[in-house]
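Trainee: Have a look at this fold, sequence not included:
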């Protein structure tokens, strides 16, 4: 970074932005002209997604991976604002008059160790840019889950069963409204699926997702 929100020429060249056609539901880049949108990737045709549409500005790789890891584990909270600006350009077409922004939650012990929720930083900055309400405490993570790293797709979904719920005192804030769910990274979609289902259980009318970076294969 040269200054807040600015990438140097080398980092810009090494940052894999998603600029063409992508899956309408999980944001995976696809071959073909953008005029063919909306279209679903093979994975989303075979794996049900509880949310309606998904967008991401970056592929998780190169300089994008370094940015995500610095935000998530390196205490580089300053990355959240420029990252939210990239996300806002992709999220703007999803926004409705009744949209509220909701971050994917962390378990309290992980939040205690990290001191902040990177998804909440992103959603807060994004809410200000999109001028929509922010509900950082709508979702709770009452059960501490093991890391998703190294798990198979099925194991990732099993790991997230019952891990995310809606705050019982915040249901009226989301009932009948459109939720734009915010997270830093999507791999299999298990965490976003659990969060989306919790939003619907809270009474949300519809759920879309916006993520900073899309992993193109399970690791």
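Mentor: Alright, I've got the coordinates. Just so we're clear, the structure is a prediction, and the values are computed from it rather than from any experiment.
Trainee: Is residue 125 part of a helix or strand, or is it coil?
Mentor: Look at residue 125: counting by DSSP: H, G, I helix; E, B strand; the rest coil, its state is helix.
Trainee: what about the nearest residue to residue 133 once chain neighbours are set aside, distance to residue 217?
Mentor: Closest residue to residue 133 apart from its sequence neighbours, by CB to CB, 6 or more residues apart in numbering: residue 100 at 4.7 Å. For the C-beta atoms, the positions are set from N, CA and C on the backbone; glycine is no exception. Look at residue 100 and residue 217: by CB to CB, to the nearest Å, they are 32 Å apart.
Trainee: out of those two, which sits in the busier spot?
Mentor: More neighbours surround residue 100 than the other of residue 100 and residue 217, with 21 against 8 (other CB atoms under 10 Å).
Trainee: Contact partners for that one?
Mentor: 132, 133, 134, 135, 138, 173, 174, 177, 178, 179, 180 (CB atoms under 8 Å, 6 or more residues apart in numbering).
Trainee: residue ranges of the helices in this structure, please?
Mentor: Assigned by DSSP state H, the helices in the chain fall at 9-13, 42-46, 62-73, 80-91, 108-114, 118-130, 153-159, 190-201.
Trainee: Now tabulate these in TSV and tack on distance to residue 143, mean pLDDT and mean neighbour count.
Mentor: Compiled in TSV, those are given as follows (distance: least, CB to CB, whole Å; pLDDT from 0 to 100; neighbours: other CB atoms under 10 Å):
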stretch	distance to residue 143	mean pLDDT	mean neighbour count
helix 9-13	38	71	11
helix 42-46	26	93	12
helix 62-73	20	92	18
helix 80-91	26	96	20
helix 108-114	11	74	12
helix 118-130	17	97	22
helix 153-159	10	56	15
helix 190-201	10	94	22
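Trainee: one step back: and the pLDDT for the residue nearest to residue 133?
Mentor: Residue 100 carries a pLDDT score of 98 in this model.
Trainee: And for residue 170?
Mentor: At residue 170, pLDDT is 91.
Trainee: Same question for residue 143.
Mentor: So residue 143 comes in at 71 (pLDDT).
Trainee: I'd assumed residue 162 was in contact with it.
Mentor: Yes: using CB atoms under 8 Å, residue 143 is in contact with residue 162, at 6.4 Å.
Trainee: surely residue 72 meets residue 184?
Mentor: Yes: counting by CB under 8 Å, residue 72 does reach residue 184; the two are 6.1 Å apart.
Trainee: Now do the shared contacts for those two.
Mentor: residue 118.
Trainee: State the distance from residue 50 to residue 20.
Mentor: Taking CB to CB, one finds residue 50 at 26 Å from residue 20.
Trainee: Is residue 138 in contact with residue 203, as I believe?
Mentor: No: taking contacts as CB under 8 Å, residue 138 lies outside contact range of residue 203: 10.9 Å.
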